[in-house]
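**Q** Next come a sequence and a model predicted from it.
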Amino acid sequence: MPDIEYHSGEITRPCPKNIQLRQEGKFNPEMQTAMYRGAFASYLMEYLHGANEWDDDAVAAAGVLAIQKITDDIEKEGRELSDTVENSREDIHSEVLWCIIEYARRLGPMFKQCKFIGCELPCRVTVSVTPTGKRRPKKINFASHTDLLFRDPLNVFGQGKNRLCLWDFKFTKDSPTWDYLTRQPQLLLYFVCGLEGSFLLDDMWIEFNEAPALAWCHLPHLKPFKRRTTCTDDDGVTTEYVKGNARPLKNVVRWCNYRIDRLDDIKFELCQRPLMYEAGFYPMIPDAIGCHLCESREWCPRFDLSHLEGDSP
Ligand code: SF4
C-alpha cells in the first residue's frame, strides 16, 4: 500500500498553498477559536452519545468532563492557545453548552431509539484512479475521523430503516448552501469510506460496505431565530417564526443523500487534489478573510503593497 495518506483537511481547505506549507511544518500551531470550539464540542458529543443520557444534568456532567479533557490535551501536547481563546474560554464553553443543551433536548429522545456506534472514529479508504491522459491507475489513500456514526433501526430520522448514519458536527458561522453540500468533499469522502473503506472500532478496522446517510449538523442553528423569518417548517408548511423561536430541525441536520450510481465520479473528483499535489502543484488561492486568518501566512509568499493609514499590519 502506498505510504502517503491524504487527510480530509487536505481536500477541503480552500488554498493548496496552505496545504503545502502545512506539510512543510510552516504554520503557527496556536489553537485558534474555531479549533478550540470544535474540539470542545466534539468531546462533549463523545461523552453524551457514549452515555446516551440527555437531560440537563447529563449535559452539565459531560461539559465538566469535556473541559477537563481539553485542558489535559492542551497541557500534554504543549499547545499554545491564541490570546483570543485564552481570554474567551468561558464564553466559548457557554456558547457551545447552550447549543448542546438544545441538541440534547431536541435530538436526545431520537438518539435513545438509535444504536450508537462511535464518535471520533478514524476511517480510511484507498481509491484507485486513472489520471486524465494516463493509462495506468494510481492508488490514493485517504483518512479522516468521523464525528458520529450510528444506526437507526426504527427510522426515526427518516433516512430508511436500519440505516447507517454518519454526522459531521459543524460550528461554522455560515450555514452551507445546498449547492455546496451536494459537492462537499469531506462528506463525499465519508460516503466512499462507508461503501469501500473501514472504520476503527475497538482497535479493529471494520468494513460496513453500505452507503451511509450523511448529515452536516449545523450546531449554531440550534440557537433560535434572531428576527422574524418566514420559511418552511419540518413538515414543509410555510411558517412565520418570530425572534426567539427554535429553528426547524431540517435547518440543523442537513442530510446529503449522495447517489451510489455516482460513486466512480465521486472517487475521481476526490483524487484530483492529491494528484495535483503529487504533480507538484500547490497554487495560492488568496482570499480576503482566509489569508487574514491563515495559520501559514507568515511563510506564504507576499508581494507587498505599501501600507496605508488604517490598514491592519
Ligand atoms: S496566506 Fe492566503 S494564499 Fe497564503 S497560504 Fe494562506 S490562504 Fe493561501
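**A** That came through fine.
**Q** Now do the buried residues in whichever helix or strand Pro109 is part of.
**A** Element membership of Pro109 [criterion: DSSP states H and E] is helix 83-111. Buried positions in helix 83-111, judged by neighbour count with 16 or more other Cβ atoms under 10 Å: 85, 88-89, 92-93, 95-97, 99-104, 107-108, 111. C-beta: built from backbone N, CA, C; applies to glycine.
**Q** quick one, strands of the chain?
**A** 5-7, 115-129, 138-152, 163-170, 198-201, 204-206, 213-218, 229-232, 238-241, 253-256 (DSSP state E).
**Q** Dump the C-alpha coordinates for stretch 245-263 into CSV.
**A** Presented in CSV, the C-alpha positions along stretch 245-263 are these (Å, rounded to 0.1, in the frame of the first residue of the first chain):
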residue,chain,number,x,y,z
ASN,A,245,-38.5,30.6,18.1
ALA,A,246,-36.4,27.5,17.6
ARG,A,247,-35.4,26.8,14.0
PRO,A,248,-36.8,23.8,12.2
LEU,A,249,-34.7,20.7,12.7
LYS,A,250,-34.1,20.4,9.0
ASN,A,251,-32.0,23.6,9.3
VAL,A,252,-29.8,21.9,11.9
VAL,A,253,-29.5,18.4,10.5
ARG,A,254,-28.7,18.9,6.8
TRP,A,255,-29.0,15.5,5.2
CYS,A,256,-27.0,14.8,2.0
ASN,A,257,-28.0,11.7,0.1
TYR,A,258,-25.3,11.1,-2.4
ARG,A,259,-26.1,8.8,-5.2
ILE,A,260,-24.5,5.4,-5.2
ASP,A,261,-24.6,5.4,-9.1
ARG,A,262,-22.2,8.5,-8.9
LEU,A,263,-19.6,6.6,-6.9
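**Q** any idea of the mean pLDDT for that stretch?
**A** Here stretch 245-263 scores 95 as its mean pLDDT.
**Q** which residues touch that stretch?
**A** Residues from elsewhere that reach stretch 245-263, judged by Cβ atoms under 8 Å, 6 or more residues apart in numbering: 102, 106-107, 157, 159, 167, 175-176, 181-182, 184, 187-188, 191-192, 195, 211, 213-219, 221-225, 231-234, 241, 266.
**Q** Of those residues, grab the buried ones for ChimeraX.
**A** This is how ChimeraX selects the buried members of the contacts of stretch 245-263, with burial counted by 16+ other Cβ under 10 Å:
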select :102,107,157,159,167,175,176,181,184,187,188,191,192,195,211,213,214,215,216,217,218,219,221,222,225,241,266
